[in-house]
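1. model this:
(2 chains)
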There are 2 protein chains.
Amino acid sequence: MLYFIGLGLGDVKDITVKGLEIIRKCERVYLEAYTSVLTYGWKAALEEFYGRFDLVEADRDLVESGADMILENADKVDVAFLVVGDPFGATTHTDLLLRAKERGIPTKSIHNASIINAIGCCGLQLYNFGETVSIPFWTEDPVWKPDSFYDKILKNLANNQHTLCLLDIKVKERSVENMMRGKNVFEPPRFMSTQQAANQLVQVVRNKKSLLNGTNQNGDVKTAKDCDKQILNETSLCIAAARIGSEDQKLAACTLEQLLDVDMGPPLHSLIIPSTLHHIEQDFINFYALNL
Amino acid sequence: MLYFIGLGLGDVKDITVKGLEIIRKCERVYLEAYTSVLTYGWKAALEEFYGRFDLVEADRDLVESGADMILENADKVDVAFLVVGDPFGATTHTDLLLRAKERGIPTKSIHNASIINAIGCCGLQLYNFGETVSIPFWTEDPVWKPDSFYDKILKNLANNQHTLCLLDIKVKERSVENMMRGKNVFEPPRFMSTQQAANQLVQVVRNKKSLLNGTNQNGDVKTAKDCDKQILNETSLCIAAARIGSEDQKLAACTLEQLLDVDMGPPLHSLIIPSTLHHIEQDFINFYALNL
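-> This is a model prediction of the structure:
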């Protein structure tokens, strides 16, 4: 049996009792190490807590090209694949599951919390959320500044839906130099902060505004006042969420522009762009709204 | 401290290790018993597993009008409020949390899986889902057949988003007769099956089609062929999900009309209306697609 086991939001004790029992009885246990926050020391902490010291770190290469190793004789013995959050947060895990099914290997999933549902702790109702978006790190060299997340946020707002923005994670990345030299030297992991996300979002908002400024799409002259009607702008309410589910979880609500100055501390961060608020949602947000 | 603890999807061992430790140390433990599947025997099974036999069942009355009892001296002692799934699936729990905050009672949430993220196990990518909808039990006497879920599904489809439909649950309901007599006699719990949901959905689809038939909104005569272009119709692909996360979880994919004849077994059921499928999503669904 190949088990896909969700580890929850980041504390070793977020594993379910069922998941823990399975991990302890499996012949091999792999730890997914490329879609989320597995900082140094995390693997050792898990091993200590599980009472087994043979977890195999599975980076992207292992899962995508070395799936054979993970799947080997999993039809005869129990193998576990551990995933931070819930097992089905990322396409890559689905891919591994499909490979198992194609080989007739039985699989089972042990679910857990992921940011997709845990974000309900910010006080916004989950059923009012639209499509989840991802905000990637922009680069200067080469210039790569995709902004499709902006359009998706706008679409959600037009549908009167909140948007959860997942912020980029760079783990086990190699510099162009090291890649060209064929060196397996990895850059330190990077996790986008809500400040960085807000910065990119403000830039997109300003670009769109300057495009609007002067003339609109019909060629009519637009006034500054028209531009203020932009559905998402610097004064829009945003919610910053940090380390959801951990002891030092932090929430902050303020305008997009104010968010540029709010340090939310260590990763992981998420950003929420709320749509129109229900009064219970508003009451809740008032408890952590910043008065900057 | 008032703890909100998610129990996960239904097995006693779905509790997290952290949640279990807290439950065992709390002075009072309440078990939310009105928004989800707490069938007979479940409370006893939880008590057995937790090793404490004093869980207080909290029905809607207790939480909404008797919140004082739950919150009593929670600023001094530890109190736990247990919720099936994740703590923030339902508005009522948010309301309790707000009352605690208003009284300055510190709170903490222990997250867990809920259907909102666990539904990823059907092979559809979570970030491709639009707004979650609820399908309520229709009644004949009085006639009450709301169909706003249909419009929401259509909106999601127009946005190229899948729809998760949560199916109605009736727990601790009283008959009109018993209510009038002031008797606290409760009807047996009812859980909507995917067959019942499909039946209501087919009726809505047919009603809309007959409205379209003959003339469209512009008064033009429409042919039967035009009606077949309806974005959601009897031949649309649907996914039935039953008992997600349990040992006997079941998935089935077929047309909406075929779903009328598919018995998915005991509750809880959910229904998914997929939008356009990515090829990985299609590959996955093929593993449980029915050939009726």
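2. Every contact and neighbour count from this point should use C-alpha atoms.
-> Fine.
3. and A:Lys209, how many neighbours does it have?
-> 18 (other C-alpha atoms under 10 Å in any protein chain shown).
4. part of a strand, is A:Leu166?
-> Yes: according to DSSP: H, G, I helix; E, B strand; the rest coil, A:Leu166 belongs to a strand.
5. How many residues are close by A:Val176?
-> 9.
6. if I look at it, how far off is B:Leu164?
-> According to C-alpha to C-alpha, to the nearest Å, A:Val176 stands 42 Å off from B:Leu164.
7. CA atoms of the host helix or strand of A:Asn178 as CSV?
-> Using DSSP states H and E, A:Asn178 maps to helix A:176-180. Taking C-alpha atoms only, helix A:176-180 is exported to CSV below (Å, rounded to 0.1, in the frame of the first residue of the first chain):
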residue,chain,number,x,y,z
VAL,A,176,22.3,30.1,-13.2
GLU,A,177,26.0,30.0,-12.6
ASN,A,178,25.9,26.8,-10.6
MET,A,179,23.5,25.2,-13.1
MET,A,180,25.8,26.0,-16.0
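8. quick one: strands adjacent to the helix or strand that comes right after that helix?
-> From helix A:176-180 onward toward the C-terminus, using DSSP H and E, the following helix or strand is strand A:190-191. With DSSP bridges as the test, strand A:190-191 is paired with strand A:169-170 (antiparallel).
9. and the strand it pairs with, what's its mean pLDDT?
-> Averaged over strand A:169-170, pLDDT sits at 86.
10. how far out from the middle of the chain is that strand?
-> The chain centroid and the centroid of strand A:169-170 are separated by 9 Å, computed with C-alpha atoms, centre = their mean, to the nearest Å.
11. Which helix or strand contains A:Ile272?
-> Going by DSSP H and E, A:Ile272 is part of strand A:269-273.
12. about what we covered before: now do the helix holding A:Asn178, average pLDDT.
-> 81.
13. just stretch A:9-20 next, same as before
-> Mean predicted lDDT for stretch A:9-20 stands at 94.
14. Run through who's touching it.
-> Contact with stretch A:9-20 is made by A:5-8, A:37, A:45-46, A:49-50, A:84-85, A:110, A:112-115, A:244-246, B:13-19, as judged by C-alpha atoms under 8 Å, 6 or more residues apart in numbering or on different chains.
15. Check those for burial and list the buried ones.
-> A:5-8, A:37, A:46, A:50, A:84-85, A:110, A:112-115, A:244-246, B:13-19 (16 or more other C-alpha atoms under 10 Å in any protein chain shown).
16. Helices - which of those residues land there?
-> Residues of the buried ones among the contacts of stretch A:9-20 located in helices (DSSP state H): A:46, A:50, A:115, B:17-19.
17. Output the strand holding A:Ile272 in PDB with nothing but the alpha carbons.
-> Once non-C-alpha atoms are left out, strand A:269-273 reads as follows in PDB (Å, rounded to 0.1, in the frame of the first residue of the first chain):
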ATOM      1  CA  HIS A 269       2.900  34.100   4.700                       C
ATOM      2  CA  SER A 270      -0.400  34.300   2.700                       C
ATOM      3  CA  LEU A 271      -2.300  37.300   1.400                       C
ATOM      4  CA  ILE A 272      -6.000  37.600   1.300                       C
ATOM      5  CA  ILE A 273      -7.900  40.200  -0.800                       C
END
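18. Against which helices or strands is it packed?
-> Using 3 or more C-alpha pairs under 8 Å, 6 or more residues apart in numbering or on different chains; DSSP states H and E, the elements in contact with strand A:269-273 are strand A:163-167, helix A:194-212, strand A:237-242.
19. That one pairs with which strands?
-> Partners of strand A:269-273 in the sheet, by DSSP bridges, are strand A:163-167 (antiparallel), strand A:237-242 (antiparallel).
20. check contacts around A:Glu247.
-> No residues are in contact with A:Glu247 under the rule C-alpha under 8 Å, 6+ apart.
21. Could you check how far it is from A:Pro267?
-> Counting by C-alpha to C-alpha, the gap from A:Glu247 to A:Pro267 is 13 Å.
22. Same check on A:Gly104?
-> A:Gly104 is 39 Å from A:Pro267, by C-alpha to C-alpha.
23. Neighbour count: these two, which is higher?
-> Using other C-alpha under 10 Å as the criterion, A:Gly104 and A:Pro267 rank with A:Pro267 on top: 18 against 11.
24. right, and that one touches A:Phe191 too?
-> Yes: using C-alpha atoms under 8 Å, A:Pro267 is in contact with A:Phe191, at 6.3 Å.
25. Please name the nearest non-neighbouring residue to the most centrally placed residue in chain A.
-> Centroid check for chain A by C-alpha atoms, centre = their mean gives A:Leu166 as the closest residue, at 3.8 Å. Nearest-residue entry for A:Leu166: A:Ser134, 4.7 Å, with adjacent residues in sequence omitted and distances by C-alpha to C-alpha, 6 or more residues apart in numbering or on different chains.
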